[in-house]
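Student: Please find the sequence and the predicted model below.
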Amino acid sequence: MNNDSSIATLTTRLRDEVRGLATGDRLPSSRTLVERYKVSPVTVSRALGALTAEGLVVTRPGSGTFVAPRPQHAAEPPDFDWQAVALGDRAIDPAGISATLPPPAEGVIPMGGGYLHPSLQPVKALAAAASRASRRAGAWDRPPVNGIPELRAWFAGSVGGEVTPADVLITSGGQGALSTALRALLPPGAPLLVESPTYPGTLALARAMGLKTVPVPVDGDGVRPDLLADIFAVTGARVFFTMPTYQNPTGAVMPAERRAQVLSVARAAGAFVIEDDYARHLGFGSAPPPLISQDRDGTVVHLTSLTKITTPSMRVGAVIARGPVAERLRTTQLVDLFFPSRVLQEITLELVGAPAWNRHLATVRAALRSRRDALATALARELPDVPATRPEGGMHMWLRLPPGIDDVQVVEAAARQQLMVNAGRPFYPAEPPGGRLRLSYAVAASEAELAEGARRLARALTAFT
């Protein structure tokens, strides 16, 4: 049982217990709860903290934890109906993102989501980096609005080409970088060209901003430049979003010749290319250099992040661009959120500058390659008639279901088998060409768990064949 699940389970049990007690009743001591529920003192403390935040209990130092007074409800419930008029008909749909974020319940095998399993996260290295960073002079001061210079230099060096630290803007993770880029480049109502399929977070964010997402088909080598040129001409779009390296969800890597074609098409259209390089640190071998390293004309707005290779809470990323657009990006972020946390930037700098960083990269890459192979072997054995990609990096495999099988229904059937997978439908900006599933090999606890997940998926699919 993972720690988050233990806390959630204990919180639920204690919440039910509290509701059966009277105001002022004393809860059992923490030691008693540890022994009764066979959990750690930290789990008990976190669960009691959650109940305190909910207003169900109060803690009195030296005396214990007691049931809090029940709130007195008004005779008539509050009327929030007026808000429907004030909010209007604009809706923000987080479904494509929220489906990948919840931790799995006890007994559920997670093969959906986009973060490393805790055993692969550099927790010890981060703790050491945080300790060192917190003692740095000025670590808690306001940072430069573009980010601390040393971290900008590190990001510039990791990209290569003619990128300089002056071209780098530190952001609050990859999603923050994407939000800043879209807001800076496009007004509401403008078309945004996106790969089809693509990252659901891009679709959700674009729609929340009132943008019109226009699909551009991909094949095994990424986006098709011939179709991209046609769609630029038809729509008059000025921005194209792409993930040329370990594309999410297909895992495709755009070859060098096609990258040059994409840049040429965008330049001819007078358009920007937003390059999301979210998985460069997750490659199993060499990959082509990022688009921005080949771009001298300011066509590319490059997004990168350290969240995927570290932990979900490591919300540090960067936007890299040259020319007037760089100032637009900087001012957009400034008016949105001022600047990312300086202490988190200092922690990041300590982390990537330590010898443990390269060891962590090597460990994660080897583990992900081994997990990919284990899942591919299990799928070939359990589902020989269901084609799956075999990516050379990233975290996901992309499955094509047999014709006529609904992927959303398969996800529901998998959940009944205590398996979490992602439906393909949210990855498409328009109608999907058929049922697809995205399976993650990074979130599960082990290769054995991945093999069991493949067996459970096969059982779930028997109802449709």
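Tutor: All right, it came through fine.
Student: May I have the phi/psi pair for F272?
Tutor: Main-chain torsions, F272, degrees, to the nearest 10: phi -90, psi 150.
Student: Just to check, it is in contact with L303?
Tutor: No - the pair F272 / L303 is not scored as a contact, 11.9 Å apart, by C-beta atoms under 8 Å. Bear in mind the C-beta positions are built from the backbone N, C-alpha and C, glycine included.
Student: Could you check which of these two has the larger neighbour count?
Tutor: A direct count of neighbours by other C-beta atoms under 10 Å for F272 and L303 places L303 higher, at 27 against 22.
Student: In contact with the most centrally placed residue in the chain: list those residues for me.
Tutor: Closest residue to the average C-alpha location of the chain: G114 at 5.3 Å, with C-alpha atoms, centre = their mean. For G114, the contact set (C-beta atoms under 8 Å, 6 or more residues apart in numbering) comprises T100, N248, K308, M395, H396, S440, A442, V443.
Student: repeat for V410
Tutor: L401, V421, A423, G435, L437, A460, L461, F464.
Student: change it to 10 Å
Tutor: By C-beta atoms under 10 Å, 6 or more residues apart in numbering, the contact set of V410 is 399, 401, 421, 423-424, 435-437, 457, 460-461, 463-464.
Student: pLDDT of whichever strand or helix holds it, averaged?
Tutor: Under the criterion of DSSP states H and E, V410 resides in helix 407-416. Helix 407-416 shows a mean pLDDT of 93 in the predicted model.
Student: Quick check: buried residues in stretch 164-171?
Tutor: Burial within stretch 164-171, assessed by neighbour count using 16 or more other C-beta atoms under 10 Å, is assigned to P165, D167, V168, L169, I170, T171.
Student: ok now it, how far from the chain's centre?
Tutor: 22 Å (C-alpha atoms, centre = their mean, to the nearest Å).
Student: can you tell me which two in the contacts of G114 are farthest apart?
Tutor: Farthest pair in those (C-beta to C-beta) is N248 and V443. Separation: 14.1 Å.
Student: if I look at R152, how far off is A233?
Tutor: Using C-beta to C-beta, to the nearest Å, R152 is found at 37 Å from A233.
Student: before we move on, the earlier item: can you list the buried residues in the helix holding V410?
Tutor: Residues of helix 407-416 classed as buried: D407, V410, V411, A413, A414 (neighbour count, 16+ other C-beta under 10 Å).
Student: Longest helix of this structure, counting residues only.
Tutor: helix 355-382 (DSSP state H).
Student: The residue nearest to W357 when sequence neighbours are not counted sits in which helix or strand?
Tutor: Among residues not flanking W357 along the chain, L351 sits closest, at 6.1 Å (C-beta to C-beta, 6 or more residues apart in numbering). Following DSSP H and E, one finds L351 within helix 342-352.
Student: Please find the angle between the direction vectors of that helix and helix 355-382.
Tutor: 80 degrees (axes from the mean of the first three to the mean of the last three C-alpha atoms, to 10 degrees).
Student: avg pLDDT for helix 342-352?
Tutor: 91.
Student: Which elements pack onto it?
Tutor: Counting contacts by 3 or more C-beta pairs under 10 Å, 6 or more residues apart in numbering; DSSP states H and E, helix 342-352 packs against helix 123-134, helix 149-159, strand 168-171, helix 355-382.
Student: Point out the most buried one among these.
Tutor: When the helices and strands packed on helix 342-352 are scored by mean count of other C-beta atoms under 10 Å, the highest mean neighbour count falls to strand 168-171 (a mean of 27).
Student: partners of that strand in the sheet?
Tutor: According to DSSP bridges, strand 168-171 has the following sheet partners: strand 317-320 (antiparallel).
Student: Show me the domain layout of the protein.
Tutor: Annotated domains of the chain cover 3-67, 102-121+358-464, 123-353 [automatic domain parsing].
Student: Before I go, just wanted to say thanks for your time.
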